[in-house]
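**Q** Take this sequence and fold it.
(one chain, ligands or ions: 3)
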Amino acid sequence: MLGYPRIGPRRELKRALEAYWDGRGSRAELEAVGAAIRERTWTRLAELGLEGLPSNTFSLYDQVLDTSVLLGAVPERYQAAEDPYFAMARGTDGLAPLRMTKWFDTNYHYIVPEVGPDTAFELDAAKPLAELRQARELGFETRPVVIGPVTFLLLASALDRLDDVLPCYEELLALLAAEGVTWVQLDEPALVADLTPEELAAVRTAYERLGARSARPGLFVASYFGHLGEALPVLAATPVEAIGVDLVRGGLDGLGALAGKTVVAGVVSGRDVWRTPPERAARLLSAVREQAGRVVVSTSCSLLHVPYDVEAEPDLDSGLKARLAFAEQKVAEVVELAHTGLEDGERVARPRPDTGTLARPDAGPLSGPLSGPLSRPPAEPVVGGGRAPYAVRAAAQAAHLRLPLLPTTTIGSFPQTGELREARAAAVAGRLSAADYERRVEGEIERVIRAQERLGLDVLVHGEPERNDMVQYFAEHLDGFAVTRNGWVQSYGSRCTRPPILHGDVSRPEPITVRWARYARSLTDRPVKGMLTGPVTIVAWSFARDDLPLRDVVFQVADAVREEVRDLEAAGVPIIQVDEPALRELLPLREAARAGYLEWAVAAYRRATSGAGDRTQIHTHLCYSDADQILDAIDGLDADVTTIESARSGARLLGSVGTFERGLGPGVYDIHSPRVPGVDEVERLLRAALRTLPAERVWVNPDCGLKTRTYEQVEAALANMATATRRLRDELAGAGR
Ligand SMILES: Nc1nc2c(c(=O)[nH]1)N[C@@H](CNc1ccc(C(=O)N[C@@H](CCC(=O)N[C@@H](CCC(=O)N[C@@H](CCC(=O)O)C(=O)O)C(=O)O)C(=O)O)cc1)CN2
Ligand code: MET
Ligand SMILES: [Zn+2]
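**A** Numbering: from 1, shown residues only. Ligands and ions are numbered 1, 2, ... in the order given. You can find the predicted model right below:
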């Protein structure tokens, strides 16, 4: 398999990281936890019978950041920091972190490499060598995994530096060869997107050159998240010995070009939690064997994107559980398929390993997630929606809400304190009664409302204290979803989610958020906005059934959200925010499929929101910096106000949203970093926004929700945000507005 979860089966790494960051633990303690996780992983994989064990798939924060360090791309300004690695990842008091963004179409986030014309690449192979040696001491021979040069430079937007970076890779190959390493895995997921002729030429140059070295391990170039397309024949013509293909998403086209190569056949999906239908896998493996020199059975991508172990889920329905495979089960499938997985039933002449207790549950034949016609017919699109044109709505809302110029607001969540999480854990375990838990939530809502009043914010939120997560919470209250107890998947750094499992038809048995919105409203005279997660995001951050088109699944969720919007409005909530931070995430990696996706994704959002009256102000929130590509779609959502991440990339974003005709809140506070932005900094970002947008339509808000921050940080940052806003308001008033 191409990579493995590394947060630890009980999130040991998360705890160790957070202890280190808070000064409760030492760097040595953190390293020891990492070493223990790696040891456990190799031991387990070997027990499962996996033959090709990878190393260097562990990371203390992110594998792309590790690659920046490997290649010496550590910007000067971080070099003097006490811990440059975490300074790049998270920032320090005086230093903003590097940008963070989504890893292809996943909910994993990587640290964007900063490579300029002057970046002096210099190999620092300490990490891969240390992992290799640790594995050896434990008796395991491993295949080091590093991100390949083309993907690394494409992520850095610096492909022009290829000639300068290749010597580092050459040196790495020589070092690994000297260590006696026989294979190295170079990850090149960027090759499954549309590539320009220059980019294809870079693939050729890179692998011709690396392949030409005499003292080197075998080169295994791993592609994933789609089909290699035009890059396939290019790669095939280079001397690399092995090529990994994602047969779950990519299919068999063009594999004839790989005749002399080892094909690492990704037949077990690393992107879902369903067991692999054995007939489908066998068919694929047989087809590959006819075309390729040698076939290696593998996962379609790293297993980083799935939880560790189905067996850690005592509460899951046994019928559902029997259909599920997490990382351990998927590795067991790979091993099983390698021994029996050919269509003609021919056995590979190798002894079968003892998979012990980790063999699949005996639940009858493997099949897809669902069998039988369980579903409602696909929903009919809601045509046009019931809402008046924006100008009409805006006037109705202005009269109703009476907001000042440059209204201030937040994105929804307030800090999830330790006490709150403990109370929720106690309630789940039955140690705290439902009534007591609800009182705790109400207490927290009151605290959040009072804090916002004190800070002088204009549109208040209730703070989302009742939510463990913006997707899991809704999944827990909708039929058709199951949630896990330990199914954690890393999202970034120490932050994890438990993606719900969407296995059946979706419906909303009763209102979900209304009682909390009502309670919040009862505490204040200021407008409070209701807070919902949008249908695309709920599905994107769950593991969705794959027996229905994604569009139909999203529409089912949209109908449930629509009911909730209606109920909030009926309860008198004047502003309703429906978040779609994952709208961009599901954008197909290839251009040809994008318009089709955006059309139904936007239709789903409108279906969810268009039941609201004109006087109800609909907000949406998106948080990624590269919104440029989908601006028309964001516009198509037809939300009255859009709040969007921009603190770290303001200028670029503002350049493209200048034409946006409704309310817009470009984020002025980067909430992903513990750093508190100063008044001047916020003011500068606001001034930049006011240069491109008319003041009447500008909102003032952070980049995203505040749940990962502390109250101390949040209150200081929001106070600065409010002060900067007042300065600009006064200035605009003085200028005769
Ligand atoms: N699903 C999802 N994807 C997203 C985001 C998001 O908010 N949700 N935001 C963007 C960035 N990604 C993020 C992902 C996770 C978190 C995050 O804060 N995760 C929390 C866990 C959230 C959660 O499920 N909390 C539960 C469980 C908390 C917990 O750990 N409880 C303890 C016990 C209590 C304690 O002692 O603290 C335990 O179970 O052991 C709860 O609050 O109930 C974390 O890693 O710390 C933030 C952003 C993009 N993708
Ligand atoms: C990842 S987008 C988060 C939006 C959500 N309303 C929050 O504030 O947490
Ligand atoms: Zn957000």
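
**Q** My read is that A19 contacts R27, right?
**A** No - under the criterion of CB atoms under 8 Å, A19 makes no contact with R27, lying 10.8 Å away. Quick note: C-beta positions are derived from backbone N, CA and C, even for glycine.

**Q** These two: which has the busier surroundings?
**A** A side-by-side neighbour count of A19 and R27, using other CB atoms under 10 Å, places A19 first with 16 against 11.

**Q** element containing the more buried one?
**A** Secondary structure assignment for A19, by DSSP states H and E: helix 12-21.

**Q** need the contact list for the closest residue to ligand 2 within the stretch 251-400 of the chain.
**A** At 17.5 Å from ligand 2, H305 is the closest residue in the stretch 251-400 of the chain, using CB to the nearest ligand atom. H305 makes contact with 106-108, 270-271, 489 under the criterion CB atoms under 8 Å, 6 or more residues apart in numbering.

**Q** Columns pLDDT and distance to ligand 2 on top of these, output as CSV?
**A** Putting the contacts of H305 into CSV (pLDDT from 0 to 100; distance: CB to the nearest ligand atom, whole Å) gives the following:
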residue, pLDDT, distance to ligand 2
T106, 97, 14
N107, 97, 10
Y108, 98, 14
G270, 98, 23
R271, 98, 20
V489, 98, 15
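
**Q** Pull the most distant pair out of those.
**A** Across those, the two members that end up farthest from each other (CB to CB) are N107 and G270, 13.4 Å apart.

**Q** quick one: which of the two has more around it?
**A** Taking neighbours as other CB under 10 Å, N107 and G270 compare with G270 leading, 25 against 21.

**Q** That one against L2, yeah?
**A** Yes - checked against CB under 8 Å, the pair G270 and L2 is within contact range at 7.1 Å.

**Q** where does the most centrally placed residue in the chain fall, helix, sheet strand or coil?
**A** Nearest to the mean C-alpha position of the chain, by CA atoms, centre = their mean, lies N107 at 1.3 Å. Under DSSP: H, G, I helix; E, B strand; the rest coil, N107 falls in the coil class.

**Q** can you pull the contacts of it?
**A** 305, 489, 491, 497, 499, 540-541, 582, 585.

**Q** Quick check: the gap between it and ligand 3.
**A** When CB to the ion, to the nearest Å is the yardstick, N107 and ligand 3 sit 12 Å from each other.

**Q** domain parsing for this structure?
**A** The chain breaks down into these structural domains: 12-358, 390-734 (assignment by automatic domain parsing).

**Q** Which helix or strand contains the nearest residue to R551 once chain neighbours are set aside?
**A** Closest residue to R551 apart from its sequence neighbours, by CB to CB, 6 or more residues apart in numbering: W600 at 4.4 Å. Using DSSP H and E, W600 falls within helix 594-609.

**Q** Return the set of buried residues in that helix.
**A** Using 16 or more other CB atoms under 10 Å as the burial criterion, the residues of helix 594-609 that qualify are 597-598, 600-609.

**Q** Stretch 113-131 now?
**A** Of the residues in stretch 113-131, those buried (16+ other CB under 10 Å) are 113-115, 119, 121, 123, 125, 127-129, 131.

**Q** Out of these, the closest to R508 would be?
**A** P113 (43.1 Å).

**Q** surely that closest one meets L154?
**A** No - in this structure P113 lies outside contact range of L154 using CB under 8 Å: 10.1 Å.

**Q** what's the pLDDT at E453?
**A** Per-residue confidence for E453 comes out at a pLDDT of 98.

**Q** Look up how far I445 lies from the closest residue to it other than its chain neighbours.
**A** If you skip the residues right next to it in sequence, E453 has T524 as its closest partner in space, 6.4 Å away by CB to CB, 6+ apart. Taken as CB to CB, to the nearest Å, the spacing of T524 relative to I445 amounts to 10 Å.

**Q** Neighbour count for these two, which is higher?
**A** Relative neighbour count places I445 above the other of T524 and I445, with 24 against 15, counting by other CB under 10 Å.

**Q** how many other residues sit next to the residue in the stretch 151-300 of the chain that ligand 3 sits nearest to?
**A** With CB to the ion as the measure, the residue in the stretch 151-300 of the chain that lies nearest ligand 3 is L155; the distance is 21.6 Å. The local packing of L155 (other CB under 10 Å) involves 22 other residues.

**Q** and the angle for the helix or strand hosting D567 with helix 594-609?
**A** Assessed by DSSP H and E, D567 sits inside helix 550-570. Interaxial angle of helix 550-570 relative to helix 594-609 (axes from the mean of the first three to the mean of the last three CA atoms, to 10 degrees): 30 degrees.

**Q** other SSEs contacting the helix or strand that helix 550-570 is followed by?
**A** Counting by DSSP H and E, the next helix or strand C-terminal to helix 550-570 is strand 575-579. Here strand 575-579 touches strand 529-533, helix 550-570, helix 594-609, strand 617-622, going by 3 or more CB pairs under 8 Å, 6 or more residues apart in numbering; DSSP states H and E.

**Q** May I see these arranged in a markdown table, with distance to F414 and mean pLDDT as well?
**A** Conversion of these to a markdown table gives the following (distance: least, CB to CB, whole Å; pLDDT from 0 to 100):
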| stretch | distance to F414 | mean pLDDT |
| --- | --- | --- |
| strand 529-533 | 11 | 98 |
| helix 550-570 | 19 | 98 |
| helix 594-609 | 24 | 97 |
| strand 617-622 | 15 | 97 |
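
**Q** Go through the ones you listed and name the closest to A332.
**A** A332 lies closest to helix 550-570 among the helices and strands packed on strand 575-579, at 27.5 Å (CB to CB).

**Q** gap between the helix or strand of the chain with the lowest mean pLDDT and the chain center?
**A** Each helix and strand of the chain was given a mean pLDDT (mean pLDDT, DSSP states H and E); the minimum falls on helix 650-657 at a mean of 72. Here the centre of mass of C-alpha atoms in helix 650-657, compared against the chain's by CA atoms, centre = their mean, to the nearest Å, lies 23 Å away.

**Q** what do you get for stretch 252-270?
**A** Relative to the chain's own centre, stretch 252-270 is displaced by 27 Å; criterion: CA atoms, centre = their mean.

**Q** Same list (the contacts of H305) but as CSV, adding distance to V657.
**A** As requested, the contacts of H305 are arranged in CSV below (distance: CB to CB, whole Å):
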residue, distance to V657
T106, 25
N107, 24
Y108, 26
G270, 35
R271, 31
V489, 32
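
**Q** Number of residues surrounding R684?
**A** The local packing of R684 (other CB under 10 Å) involves 14 other residues.

**Q** Which strands or helices does the helix or strand it falls within pack on?
**A** Counting by DSSP H and E, the element that carries R684 is helix 679-692. Using 3+ CB pairs under 8 Å, 6+ apart as the contact criterion, the elements in contact with helix 679-692 are helix 650-657, strand 663-666, helix 711-734.

**Q** and the angle for it with helix 650-657?
**A** Orientation of helix 679-692 against helix 650-657 (the same axes, to 10 degrees) gives an angle of 20 degrees.

**Q** Just the buried residues of helix 679-692, please?
**A** 679, 681-683, 685-686, 688-690, 692.

**Q** export the helices and strands packed on strand 575-579 to CSV and tack on distance to ligand 2?
**A** Output for the helices and strands packed on strand 575-579, formatted as CSV (distance: least, CB to the nearest ligand atom, whole Å):
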stretch, distance to ligand 2
strand 529-533, 5
helix 550-570, 13
helix 594-609, 15
strand 617-622, 5
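
**Q** picking up where we left off before, need the buried residues of helix 594-609 in JSON lines (columns: distance to ligand 1).
**A** Supplementary listing: the buried residues of helix 594-609 in JSON lines, determined by distance: CB to the nearest ligand atom, whole Å:
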{"residue": "Y597", "distance to ligand 1": "19"}
{"residue": "L598", "distance to ligand 1": "20"}
{"residue": "W600", "distance to ligand 1": "21"}
{"residue": "A601", "distance to ligand 1": "17"}
{"residue": "V602", "distance to ligand 1": "20"}
{"residue": "A603", "distance to ligand 1": "23"}
{"residue": "A604", "distance to ligand 1": "18"}
{"residue": "Y605", "distance to ligand 1": "18"}
{"residue": "R606", "distance to ligand 1": "23"}
{"residue": "R607", "distance to ligand 1": "22"}
{"residue": "A608", "distance to ligand 1": "18"}
{"residue": "T609", "distance to ligand 1": "20"}
